[in-house]
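> dropping the sequence and predicted coords here.
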Amino acid sequence: MNIKPCVISYWKICLVAPAINTNLNRKLLDMCGQCGIILGKKRRTREELEALGNMFTELLRYNECRGRDATGIFIADQSGAGKILKAPISAMYLTESIEYQEAIQSISNKTIALLGHTRFRTVGTPMVNVNNHPIESSHCVGTHNGTISNHHELFQKFNWQRIGQVDSEVIFRCADSCIHDGKLCMGEFSEKQKEFRGTMSFLLFNRQEPTAIYVGIGNMPLCLRYHPKLRCLCYSSESMPLVMTGKGYKGWRLFLKSAMTLYRFDTDDLEKWDSVPMIFNIPARG
């Protein structure tokens with residue numbers, strides 16, 4: 001099943017609110033922002049779903065400081081389908097759009113995850129929307145924070161399909177090649193990532209495994225918190241947005257996960273997971 005990205009009619013918005021492109025504090029911000037909510041199995045009321053939608057919106061807005069060149073979301077559901085909305089505008093302007101409000105109002109008990117991304121442009125112009133996150137490949141949808149410096153070589157070596165300019169696409173094309181009988185082979189995916197050079201943490205949804213979310217925690221920041229009553233796992237590139245958006249609910253548990261590890265969370269029980277090492281070539285700091 002193909003997911004058709006919803007490209008917001010951003011041209012008029014950009015005339016009054018162009019995306020801010022600045023190198024200020026780039027090293028401090030570690031580039032892009034990732035945030036979202038993975039929903040465990042639970043029958044939720046409309047009020048609970050609205051609260052989670054509001055929480056997700058706040059997470060996006062708090063992560064705006066990490067990247068204003070583009071913003072995007074993916075709402076995944078149990079069927080493996082979902083809705084992608086992205087545009088080269090800041091999180092504040094995207095979340096105020098009619099398209100975003102309609103997308104958030106569509107959250108239901110069939111929704112299994114809300115993935116968000118605020119982009120600080122590195123490779124690939126944000127004015128070509130396919131370069132913006134979430135990235136869609138043949139079987140996967142996901143977001144990435146970091147830079148894969150040898151993406152050209154990897155695409156050429158493995159002859160993976162490529163439709164955009166952005167380096168992040170290589171992660172999800174690699175994942176496509178590791179899906180067999182509908183399931184992502186974590187060991188094979190991990191093995192191929194050994195040839196990657198750069199920086200990354202990422203979220204990945206395989207449309208053929210609609211109850212699973214893959215979380216790759218590499219050498220870029222990614223914080224996770226779980227709420228047992230809400231049965232949801234919230235994540236963000238920084239911990240502050242998690243604290244601020246979740247302060248209305250007591251009982252959050254910090255998930256202390258090992259770096260350089262790929263995790264597979266199943267929405268049937270988010271407190272159990274599979275994991276494999278995620279080893280790749282890290283550039284020397286100088």
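That came through fine.

> can we go C-alpha only for contacts and neighbour counts from here?
Will do.

> which helix or which strand is home to residue 202?
strand 198-206 (DSSP states H and E).

> low-confidence stretches in the protein?
Low-confidence segments of the chain (pLDDT under 70): 1-30, 284-286.

> hmm, try it at 50
1-29 (pLDDT under 50).

> what does the biggest helix by length in it rub up against?
Counting residues, the longest helix in the chain under DSSP state H turns out to be helix 46-62. With contact meaning C-alpha atoms under 8 Å, 6 or more residues apart in numbering, helix 46-62 is reached by 35-37, 91-92, 95, 104-105, 107-109, 114, 116-118, 236, 241-242, 245-246.

> so which of the residues you listed sit within helices?
91, 92, 95, 104, 105, 241, 242, 245.

> let me see the contact set for residue 33.
By C-alpha under 8 Å, 6+ apart, the neighbours of residue 33 are 63, 64, 66, 67, 117, 118, 119, 145, 236, 237.

> what about the strands in the stretch 1-150 of the chain?
For the stretch 1-150 of the chain, the strands defined by DSSP state E, counting those that start in this stretch cover 6-7, 33-39, 70-77, 82-87, 111-119, 135-136, 140-148.

> run the angle between the last one and strand 82-87 for me.
Just to be clear, that refers to strand 140-148. Here the directions of strand 140-148 and strand 82-87 differ by 40 degrees (axes from the mean of the first three to the mean of the last three C-alpha atoms, to 10 degrees).

> show me what strand 140-148 is packed against.
strand 33-39, strand 111-119, strand 135-136, helix 169-176, strand 198-206 (3 or more C-alpha pairs under 8 Å, 6 or more residues apart in numbering; DSSP states H and E).

> could you export the ones you listed as JSON lines, including distance to residue 216?
Formatted as JSON lines, these follow (distance: least, C-alpha to C-alpha, whole Å):
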{"stretch": "strand 33-39", "distance to residue 216": "12"}
{"stretch": "strand 111-119", "distance to residue 216": "14"}
{"stretch": "strand 135-136", "distance to residue 216": "15"}
{"stretch": "helix 169-176", "distance to residue 216": "10"}
{"stretch": "strand 198-206", "distance to residue 216": "5"}
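
> looking at the ones you listed, which is nearest to residue 263?
Evaluated with C-alpha to C-alpha, the helices and strands packed on strand 140-148 place strand 198-206 nearest to residue 263, the distance being 9.7 Å.

> pull up the pairing partners for that closest one, direction included.
Applying DSSP bridges, strand 198-206 is found paired with strand 140-148 (antiparallel), strand 212-217 (antiparallel).

> quick check: PyMOL command selecting the buried ones in the contacts of residue 33.
Selection of buried members from the contacts of residue 33 for PyMOL, criterion 16 or more other C-alpha atoms under 10 Å:
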select buried, resi 63+64+66+67+117+118+119+145+236+237
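
> closest one of the contacts of residue 33 to residue 133?
residue 117 (6.2 Å).

> now do the contacts for the closest one.
Counted by C-alpha under 8 Å, 6+ apart, residue 117 has contacts 32, 33, 34, 35, 60, 71, 72, 73, 133, 134, 143.

> in TSV: the residues you listed, plus distance to residue 160.
Shown next, in TSV, are the contacts of residue 117 (distance: C-alpha to C-alpha, whole Å):
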residue	distance to residue 160
32	25
33	26
34	25
35	28
60	31
71	26
72	24
73	25
133	19
134	19
143	18
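
> just the residues you listed now: which is nearest residue 175?
Scanning these for proximity to residue 175, where the rule is C-alpha to C-alpha, the winner is residue 143, at 12.8 Å.

> these two touch, right, that closest one and residue 134?
Yes - here residue 143 reaches residue 134: they are 4.9 Å apart, a contact under C-alpha atoms under 8 Å.

> okay, and the common contacts of these two?
115, 116, 117.
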